[in-house]
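>>> Please find the sequence and the predicted model below.
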Amino acid sequence: MALDEYKPQKGGSELETDHQFKYVGTRPDRPDGFDKVTGRARFGADMYAPGMLHAAILRSPHAHARIVRIDTSKAEAMEGVKAVVTRADFSKNVPFAPGMAGEFWNILENVMAGEKVLYDGHAVAAVAATTPLIARDALKAIEVEYEILPHVTDVDEAMKPDAPVIREGAADKSVPEGMHPNVVRYHESGHGDVEAGFAEADLVIEDHFTTEATHQGYIEPHACLATLGSDGKGELWCCTQGHWYVQKVCAALLDLETANLRVTASEIGGGFGGKTTVFIEPVALALSRKANRPVKLVMSRSEVFRATGPTASASMDIKIGMKKDGTITAAKGEFRLQGGAFPGAPMEFTAMCAFACYNLKNVHQVGYDVMTNRPKQAAYRAPGSPMAAFAVESVIDELCNRLGLDPIEVRLKNAAREGTKASYGPTFPRIGLVETLEAAKAHPHYSAPLKPGQGRGISCGFWFNHGGETSVSLALSEDGSAQVMVGTPDIGGSRASMALMAAEVLGIPFEKIRVTIADTGSLGYNEISHGSRVTYASGLATIKAAQDAVRKLRQRAADKWGIDVEAVDWVDGCAVPSGPNAGDFDPLPLAEITKNMGATGGPISGHYEATPEGAGVSFATHIVDAEVDRETGSTRVVRYTVVQDAGKAIHPTYVEGQFQGGAAQGIGWALNEEYIYGPDGRLQNPGFLDYRIPVASDLPMIDTVIVEVPNPGHPYGVRGVGETSICPPLAAIANAVSNAAGVRLRDLPMRPSRILEELEKQQGDA
Amino acid sequence: MPEVHLWSGLRALAGGREVVEVEGRTVGELLDALVAAYPALKEPIEAGVSVAVDGRVIASALNEPVRPDSEIYLMQRLRGG
């Protein structure tokens, strides 16, 4: 069947399971490799403009304070200072609304404080000057008078009746009456009768778990170059996961027409969800408008920690009942997440993902979104899911230990399958959890002997994945090469995947295709690169755009041969007659058609715009071996295997890289990384010296197994892979460490001091 | 007529019902009908919801079709990292 003849099958599936791939599934060199190795790649801070100014932001030293007065006059009078902005320089037309309905207002409030500063590092004012040094000096000349208010940075403390109120009226209608105003959203879901289920169990374990906020830790700090004239027209170059979103938000925050602001995404040095919103871009634009000069603004690492979005921290209570044969009879979870001084902590995903791996008759989950005096949380790979897996999979591990059951067999016994009613409601279509568990069980790692002092941990994980608004254009050149323009910044190797999918449809080599990230003026709207959506959604759009081009190529061949286009097939990069009745013509290669395209009907290109909604959910199973030094509390991960369902791996090397990256970040989250606040509410460790992310010497080689259970919602079966890989690590590592130490670790990170505390408690109990 | 399952947090806004029946041939028509029948649902729906139709989670596309016998669950809007 020709690739342009996809017909939705029963159930809306477009999957072509019998297709023999020529390019998809191969491992060509990465197309961005040369640029990145040689330094040619242009990141956020690499752009310059004539007459450019340098900006700096004044940030609050207090966790919670009322701004009584700001006097910028001395700074404005300094030589070299060209503009100073405060909240007064932004739109007055962004409405406040409770919960997520007021997201733009919350973004504006986060970008530049209004009446109060809400966390240590909150922006108060900004300066643009002729040099970075003058800009920083000018910050010191800005006088701010604060009335310091009581603060709270812990999620459980923030829910107590006497906790300071961060903002009245921020709660939406989902919150039950009687809760503290800091609880701003509430989620409850589930089915069955959990109490009856617990009564059926032979063993019920109820436990409490916590995780700390961690930062995505991308290597490139936020940076942008903004130009905005008094005519309301502007250009913005910035490091982002979604430049159409940046365009939309900046336009709203600065009262601009959206189309008058053209945004170009730079090369990106990591995002992991943390670059799905704006922090400095509206500030640079406001300064540029005021100074009438281009303005460059680059965050320091300290600013990244203090004032961009880490993930939420969590406090969780889990109760699970199990029969002696391993059947889970009921499960219940309560998840309290703080997401900083704004609504948005992803507690609904924590709740919905918590038990999604299992086929449960009785399940109930509750989530609370709680505000504290911390920076506004941002997405971080599968937002909300890793902490849920940590708590739930720890309890399942403990149940297996106490009942003497094999942890993979128990998970297989209870695993969600096609037709299972998910813990969050709907019935699962075709999914691949069982296949990941079977592959993990068969992996040599699972049966390898452990050394003394080592423990093994298993965990499953789940993430939804996403589709979203997507546009792709593909243009053929006269020499038969092709340019593909996508609108989703490449945060995980998507340019290679797009080129492979286009090569598959067009039938030309990967090397003849160049994929670029188009700016907002060159393509229709594209949703952010988030939700593991890019290889799925932009990939689907690339396939469709290439099919559109192929239709036109077939038409040119049909015109040349004087036959109907329906009598022309496209096979291996050539137009061919569809059968003996179509006529006897030699195959007509793509380059033969394009070399004369100007004279045979004009340029040939392909387009596709849609909101694909067939992103398949994804599951993973991780195996971890860890060892614990009982004298120092030091922990080391000695072996790690990731097994994950990718649906179809377009470029397996990148898929493996996503698996490894999720595991590596999970190791940091589990063992070392945490936001540490002092009693004054100020962040104590805003730098990589004190906020310890894993380095290469901390990590074992992370083995990977790609499972391919095709997603019916994508022509090639693709499922997103970028996020699921960070769901199981926290639990898998905690289970390994707990089994090695002989004591259950319930709080992350499992830093040495915490492990020693638990070991001392164990000795005391003994 | 399609049955729409509400997550527990929405039920208080729909007269305590877990499942409601509303007319609609598309996701968008269903959401409009829900707001018409239960005006208190307007705020959470406008804040953003996803709709699972026969196990497929529809995050944005209001033009996605639904059948009278489709399994439909309202979910909080998906966001990712």
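Great, that's in hand. Residues are numbered from 1 along each chain as shown, chains lettered A, B, ... in the order given.
>>> and the end-to-end length of stretch A:674-682?
Start and end residues of stretch A:674-682 are separated by 14 Å (Cα to Cα, to the nearest Å).
>>> for it, what is the average pLDDT?
Averaged across stretch A:674-682, pLDDT comes to 98.
>>> list the buried ones in it?
A:674-675, A:677, A:681-682 (16 or more other Cβ atoms under 10 Å in any protein chain shown). (Glycine included, C-beta is placed from N, CA and C.)
>>> what do you get for stretch B:49-64?
B:49-61, B:64.
>>> from those residues, which are also near chain A?
Restricting these to those adjacent to chain A (criterion: Cβ under 8 Å from any Cβ of the partner chain) gives B:52, B:54-61, B:64.
>>> From those, which land in strands?
Of these, the ones assigned to strands by DSSP state E are B:52, B:56-58.
>>> In TSV, list those residues along with distance to A:Met159 and pLDDT.
What follows is these, written out as TSV (distance: Cβ to Cβ, whole Å; pLDDT from 0 to 100):
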residue	distance to A:Met159	pLDDT
B:Ala52	30	94
B:Arg56	36	89
B:Val57	30	89
B:Ile58	33	91
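>>> Any chance of the buried residues of stretch A:674-682 in CSV with secondary structure and distance to A:Thr520 as columns?
Shown next, in CSV, are those (DSSP: H, G, I helix; E, B strand; the rest coil; distance: Cβ to Cβ, whole Å):
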residue, secondary structure, distance to A:Thr520
A:Glu674, coil, 37
A:Tyr675, coil, 33
A:Tyr677, strand, 38
A:Gly681, coil, 38
A:Arg682, coil, 38
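>>> of those residues, closest to chain B?
A:Tyr675 (17.1 Å; Cβ to the nearest Cβ).
>>> Which parts of the stretch 551-700 of chain A are strands?
Along the stretch 551-700 of chain A, counting by DSSP state E, counting those that start in this stretch, strands occupy A:568-571, A:574-577, A:588-589, A:605-610, A:618-628, A:635-645.
>>> which of the ones you listed sits most buried?
Comparing the strands of the stretch 551-700 of chain A by mean neighbour count (mean count of other Cβ atoms under 10 Å in any protein chain shown), strand A:618-628 comes out on top with a mean of 29.
>>> How about that one and chain B, touching?
No - against chain B, strand A:618-628 shows no contacts by Cβ under 8 Å from any Cβ, the least distance being 11.4 Å.
>>> Contact partners for residue 44?
By default, I'm working from chain A. A:220-224, A:237-239, A:266, A:268-269, A:298 (Cβ atoms under 8 Å, 6 or more residues apart in numbering or on different chains).
>>> Please refer instead to chain B.
By Cβ under 8 Å, 6+ apart, the neighbours of B:Pro44 are A:172-174, B:9-10, B:13.
>>> For it, which three-state class applies?
Under the three-state scheme (DSSP: H, G, I helix; E, B strand; the rest coil), B:Pro44 adopts helix.
>>> That one and A:Ala345: what is the separation?
Separation of B:Pro44 from A:Ala345 (Cβ to Cβ, to the nearest Å) stands at 17 Å.
>>> got it, and A:Glu188?
Distance from A:Glu188 to A:Ala345, counting by Cβ to Cβ: 16 Å.
>>> which one of those two has more residues nearby?
The residue with more neighbours, out of A:Glu188 and A:Ala345, is A:Ala345; 32 against 20, by other Cβ atoms under 10 Å in any protein chain shown.
>>> helices and strands around the helix or strand encompassing A:Leu500, which ones?
Applying DSSP states H and E as the criterion places A:Leu500 in helix A:494-506. With contacts taken as 3 or more Cβ pairs under 8 Å, 6 or more residues apart in numbering or on different chains; DSSP states H and E, helix A:494-506 sits against strand A:482-486, strand A:513-517, helix A:539-561.
>>> nearest to chain B, of those?
helix A:539-561 (13.1 Å).
>>> Now the closest one - C-alpha only, CSV.
Coordinates of each C-alpha in helix A:539-561 appear next as CSV, following Å, rounded to 0.1, in the frame of the first residue of the first chain:
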residue,chain,number,x,y,z
GLY,A,539,6.1,13.5,13.3
LEU,A,540,2.5,12.8,12.3
ALA,A,541,2.3,16.2,10.7
THR,A,542,5.6,15.7,8.9
ILE,A,543,4.4,12.4,7.5
LYS,A,544,1.1,14.0,6.3
ALA,A,545,3.0,17.0,4.8
ALA,A,546,5.3,14.7,3.0
GLN,A,547,2.3,12.7,1.7
ASP,A,548,0.8,16.0,0.5
ALA,A,549,4.0,16.6,-1.5
VAL,A,550,4.0,13.1,-2.8
ARG,A,551,0.4,13.6,-4.1
LYS,A,552,1.7,16.5,-6.0
LEU,A,553,4.7,14.6,-7.3
ARG,A,554,2.4,11.8,-8.5
GLN,A,555,0.3,14.4,-10.3
ARG,A,556,3.3,15.7,-12.1
ALA,A,557,4.2,12.2,-13.2
ALA,A,558,0.6,11.6,-14.3
ASP,A,559,0.6,14.8,-16.3
LYS,A,560,3.9,13.8,-18.0
TRP,A,561,2.6,10.3,-18.8
